[in-house]
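S.K.: next come a sequence and a model predicted from it.
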Amino acid sequence: TNNLTAAMALSDETTNRIILPGGELRLPDRDILGEEVQKFFAGYRTEFSIFGVAGVAEDGSLLEFNSAEVQARVQIRENSQVSILVLDQTKFGRLAPAFGENIQDPDHVILDQRPDPSFDPMLDALGDRLIITERRENAD
């Protein structure tokens, strides 16, 4: 991973092997970005990649706040057997200047709930690759 928060969460399971790239630590997101990150991920193939994005445009473009984030995400996705985009409904229509790839590119898209109905055709095109989680209230 190139995210320190994700690395720390994964470290709770002591059998996980966690490898971090070098590069510039971007705060407050705790992402490591830069050319070193791209080279790092180019040297690994993974079974799964799980990633988020800053936003999703109306045409399905995946958006980030800078091109280094796009390059890291693309490299991670391309070198995995199964890619999983995880996002919440607030990302739809959220603007960010850098773009790369499309919501149709990941193998699976996991979403907390459906966004504005204007995005329905885009999401419906994903078919069974779209997973919408259900929020469960505490049964107590």
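M.R.: Arrived safely, thanks for sending.
S.K.: neighbouring strands of the strand ranked longest in the chain in the sheet, and parallel or not?
M.R.: The longest strand of the chain (DSSP state E) is strand 80-87. Here strand 80-87 is paired, per DSSP bridges, with strand 46-51 (parallel), strand 108-111 (parallel).
S.K.: buried ones in the longest one?
M.R.: Translated: strand 46-51. 49-51 (16 or more other Cβ atoms under 10 Å). Quick note: C-beta positions are derived from backbone N, CA and C, even for glycine.
S.K.: before we move on, back to that, list the buried ones in the longest strand of the chain?
M.R.: 80, 83-87.
S.K.: now swap in stretch 18-38 and tell me
M.R.: 21, 23, 26, 31-34, 37-38.
S.K.: narrow the residues you listed to those in helices?
M.R.: Within the buried residues of stretch 18-38, residues falling in helices by DSSP state H are 37-38.
S.K.: pipe the buried residues of strand 46-51 into TSV and attach distance to residue 101 per row.
M.R.: Output for these, formatted as TSV (distance: Cβ to Cβ, whole Å):
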residue	distance to residue 101
49	12
50	15
51	10
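S.K.: how about whichever strand or helix holds residue 121 as CSV, C-alpha atoms only?
M.R.: Using DSSP states H and E, residue 121 falls within helix 120-124. Only the C-alpha atoms of helix 120-124 are listed here, as CSV (Å, rounded to 0.1, in the frame of the first residue of the first chain):
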residue,chain,number,x,y,z
ASP,A,120,-28.0,5.2,-12.6
PRO,A,121,-27.2,4.4,-16.2
MET,A,122,-23.5,4.4,-15.4
LEU,A,123,-24.0,2.2,-12.4
ASP,A,124,-26.5,-0.1,-14.1
